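> heads up, no residue letters with this:
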Ligand SMILES: Nc1ncnc2c1ncn2[C@@H]1O[C@H](COP(=O)(O)OP(=O)(O)OP(=O)(O)O)[C@@H](O)[C@H]1O
């Protein structure tokens, strides 16, 4: 299949607005041609002055020529402004549609994609790569057409003035094109891609670094402690130096060509006047000398033209790296959950397609049951929980919710059926009410308030004068981990899904908050099927079934009593937990 050009791909995103792009090219080229006219009038002024000398009063047309020069310069500028207006209309549409396409596609990708791709890199795609496409269409392309029209205008002028001098003045333009094509071959495009990669890596690591600043500060470490960030900076530096060195010679010749138009004209002039100078030839030479800045400007535009083409090609390939990701499949025969049961059948899963982190897990959870996932760190508890919500698709085996395979349940329905309270439930910048209403956007304020009450959040709301309308993250409004957790629980309450997944839901709660979080969770869990991941074994003692997950398998399963009697891994974890609690109580002294 023939590969479409970058431009035709961009035009697809312009929709009906593409016509503005084409109009902008025509106007921009026209403006470049009109911009040559003032030079003609300036030349006429010089001609009249020279012809009239020494009686300058004979040069009566000078004011007329002067005004005409100003008029055409203004006209050229006006046409250029119109060209930019048109190009921007189309460019904004393209950038908006590109951002929408990426964002909409992101919404269809497995949730785990963002984590794997990296938020810094993703930010670069959504903001910078689409921005590069916008700049290309809004400024660089119109300039490119202007740069192409100028040599054509100069060619026409060849016939008006001395064609030999005209040809000489075009030599640097031709040379510029040759050098540029050498500088923009496949190899250079590859270099540009590497440049983009180095920049993306540095930007991604910078985001991680900024996120980790509190840790760096706490431990008094310098930037060097963030080895990865430092490595990406070094890599970028290495790359930039190598690239600059590579471009040294072509740039040298190119700059010489840009600034050497005079040299060509003078050498040519000397050559052509071996047999004497005619006043007519001198006047013609004068014209080409006057127009030299236009030629230099054209060459500069040509230089940026090739660079911008490479930048936009690189930007599009980065956008494609997101758009080419396979979205979560949509079933042709959608199924609907009949109840809130969960069944895993011989589930296997791997993040990288090579090493399984879940290796044949089966579970049967009946509606209304509370089960707990416990086990050593890295055993696969969070992965199992995220598979139930279909953050990722299983490698083999199946997961059913209410008797329907999660891959056959429409995404919205699955999201309505399952609520997930994350380890560190992030609240968005917005009011407490907005954050709670994310659970059910059509809920009334009274419903949101009653969810907040049930989630033990009233003390948080009463703390702030704006109550439920307090904007989180605004000046002076900070919530502790446990407080954030309770707001997130209120959100889940409002959603009222029949299945609840709690991933280390109390991990961030301080002792004061823990009791409140526990009470909120108990309220939330009423009448629901609950899958709970917890390190604090005290929170799982009442579970209907405890699954001990180790190395991606279920090592043991049963009630607390069963598992303690078995004297296996859970019994050992329970003993360790008991002694840590005892140690804590002894250390803190007897409770009063
Ligand atoms: N996004 C990811 N990409 C690649 N590997 C991952 C990813 N998330 C987890 N893993 C790996 O999968 C395995 C299981 O991790 P998981 O987080 O499910 O364990 P866990 O039992 O929940 O651990 P913890 O109790 O420490 O939270 C680990 O080896 C982990 O390194």
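On my side now, so go ahead. This is a predicted model, so every value here is computed, not measured. Numbering: from 1, shown residues only.

> Quote the end-to-end distance of stretch 359-374.
This stretch, stretch 359-374, spans 16 Å end to end (Cα to Cα, to the nearest Å).

> Tell me where the stretch 251-400 of the chain has strands.
Using DSSP state E, counting those that start in this stretch, the strands found in the stretch 251-400 of the chain span residues 342-349, 358-365, 370-374, 396-401.

> Strands of the protein, start to end?
Applying DSSP state E to the chain gives strands spanning 342-349, 358-365, 370-374, 396-401, 404-405, 418-421, 430-431, 471-472, 499-503, 529-533, 545-550, 553-558.

> Averaged pLDDT, the fourth one. What do you get?
For strand 396-401, the mean per-residue pLDDT is 94.

> That one: partners in the sheet, and parallel or antiparallel?
Using DSSP bridges, the strands paired with strand 396-401 are strand 342-349 (antiparallel), strand 404-405 (antiparallel).

> got a list of contacts for it?
337, 340-348, 360-362, 387-388, 390, 405-407, 409, 414, 417-418, 499 (Cβ atoms under 8 Å, 6 or more residues apart in numbering). Heads up, the C-betas are built off the backbone N, CA and C, glycines and all.

> Mind pulling up the pLDDT for the residue nearest to residue 21 when sequence neighbours are not counted?
In space, and not counting its chain neighbours, residue 21 is closest to residue 90: 4.2 Å by Cβ to Cβ, 6 or more residues apart in numbering. Looking at residue 90, its pLDDT is 95.

> pretty sure residue 90 contacts residue 137?
Yes - here residue 90 reaches residue 137: they are 6.0 Å apart, a contact under Cβ atoms under 8 Å.

> Show me which of the two is the more surrounded one.
residue 137 (30 against 27; other Cβ atoms under 10 Å).

> where's the residue nearest to the more buried one when sequence neighbours are not counted relative to residue 436, distance?
Leaving out its chain neighbours, the residue that sits closest to residue 137 by Cβ to Cβ, 6+ apart is residue 91, at 3.8 Å. Distance, residue 91 to residue 436, by Cβ to Cβ, to the nearest Å: 39 Å.

> Close to the ligand: what parts of the stretch 251-400 of the chain are there?
351, 357, 375, 377-383 (Cβ under 6 Å from any ligand atom).

> PyMOL command to pick out the buried ones of those?
This is the PyMOL syntax for the buried subset of those, where burial follows 16 or more other Cβ atoms under 10 Å:
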select buried, resi 357+375+379+380+381+382+383
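
> can you redo the residues of the stretch 251-400 of the chain next to the ligand as JSON lines with distance to residue 31 and pLDDT?
Converted to JSON lines, those look like this (distance: Cβ to Cβ, whole Å; pLDDT from 0 to 100):
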{"residue": "351", "distance to residue 31": "55", "pLDDT": "86"}
{"residue": "357", "distance to residue 31": "61", "pLDDT": "94"}
{"residue": "375", "distance to residue 31": "71", "pLDDT": "89"}
{"residue": "377", "distance to residue 31": "66", "pLDDT": "85"}
{"residue": "378", "distance to residue 31": "64", "pLDDT": "87"}
{"residue": "379", "distance to residue 31": "68", "pLDDT": "91"}
{"residue": "380", "distance to residue 31": "64", "pLDDT": "92"}
{"residue": "381", "distance to residue 31": "65", "pLDDT": "91"}
{"residue": "382", "distance to residue 31": "60", "pLDDT": "88"}
{"residue": "383", "distance to residue 31": "60", "pLDDT": "90"}
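
> how about the residues of the stretch 251-400 of the chain next to the ligand, which pair is most distant?
Spatial extent of these (Cβ to Cβ) is set by the pair 351 and 375 at 18.1 Å.

> returning to what we had before: wait, the residue nearest to residue 137 sits on residue 132?
No - here residue 91 does not reach residue 132: they are 10.9 Å apart, not a contact under Cβ under 8 Å.

> okay, those two: which has more neighbours?
Between residue 91 and residue 132, counted using other Cβ under 10 Å, the more crowded position is residue 91 (27 against 22).

> for the strands of the stretch 251-400 of the chain, which one ends up most surrounded?
strand 370-374 (a mean of 23; mean count of other Cβ atoms under 10 Å).

> Next, the angle from that one to strand 545-550.
20 degrees (axes from the mean of the first three to the mean of the last three Cα atoms, to 10 degrees).

> Would you list the strands that strand 370-374 pairs with, along with their directions?
Here, using DSSP bridges, strand 370-374 pairs with strand 529-533 (parallel), strand 545-550 (parallel).

> contact partners of it?
363, 365, 381, 384-385, 525, 529-535, 537, 539-540, 542-549, 570, 573.

> pull the helix or strand with minimum mean pLDDT from the chain.
Ranked by mean pLDDT, DSSP states H and E, the weakest helix or strand in the chain is helix 213-218, scoring a mean of 59.

> If you count contacts, what does the longest helix that the chain contains end up packed against?
The single longest helix within the chain, with elements called by DSSP state H, is helix 62-108. Packing partners of helix 62-108 (3 or more Cβ pairs under 8 Å, 6 or more residues apart in numbering; DSSP states H and E): helix 6-14, helix 18-34, helix 37-52, helix 130-135, helix 141-160, helix 279-323.

> which stretch among these comes nearest residue 62?
helix 37-52 (5.4 Å).

> What lies in contact with the closest one?
Counting by Cβ under 8 Å, 6+ apart, 56, 58-59, 61-62, 65-66, 68-70, 72-73, 76, 157, 279, 283, 286-287, 290-291, 294 sit against helix 37-52.

> Taking helix 279-323 as reference, get the angle to it.
Using the same axes, to 10 degrees: helix 37-52 against helix 279-323 is 170 degrees.

> Let me know the pLDDT of the closest residue to residue 70 other than its chain neighbours.
Nearest residue to residue 70 in three dimensions, chain neighbours excluded: residue 38, at 7.5 Å (Cβ to Cβ, 6+ apart). Looking at residue 38, its pLDDT reads 93.

> distance of residue 38 from the ligand?
63 Å (Cβ to the nearest ligand atom, to the nearest Å).

> Residue 368 now?
25 Å.

> again with residue 443
Per Cβ to the nearest ligand atom, residue 443 is found 32 Å from the ligand.

> cool, and residue 97?
With Cβ to the nearest ligand atom as the criterion, residue 97 and the ligand are 31 Å apart.

> Quick one: residues contacting that residue.
So residue 97 contacts 13-15 (Cβ under 8 Å, 6+ apart).

> Mind doing that once more with 7 Å?
residue 13 (Cβ atoms under 7 Å, 6 or more residues apart in numbering).

> Low-confidence ranges, this structure, go.
Residues of the chain meeting the criterion pLDDT under 70: 1-3, 158, 183-185, 211-226, 423-425, 474-476, 504-513, 581-592.

> Residues in contact with both of residue 90 and residue 137, list them for me.
Common neighbours of residue 90 and residue 137 (Cβ under 7 Å, 6+ apart) are residue 21.

> residues from this protein in reach of the ligand?
So the chain meets the ligand at 112, 115, 351, 357, 375, 377-383 (Cβ under 6 Å from any ligand atom).

> possible to save the residues you listed as a markdown table with distance to residue 171?
As requested, the residues of the chain next to the ligand are arranged in a markdown table below (distance: Cβ to Cβ, whole Å):
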| residue | distance to residue 171 |
| --- | --- |
| 112 | 58 |
| 115 | 56 |
| 351 | 59 |
| 357 | 65 |
| 375 | 76 |
| 377 | 71 |
| 378 | 68 |
| 379 | 73 |
| 380 | 70 |
| 381 | 73 |
| 382 | 68 |
| 383 | 67 |
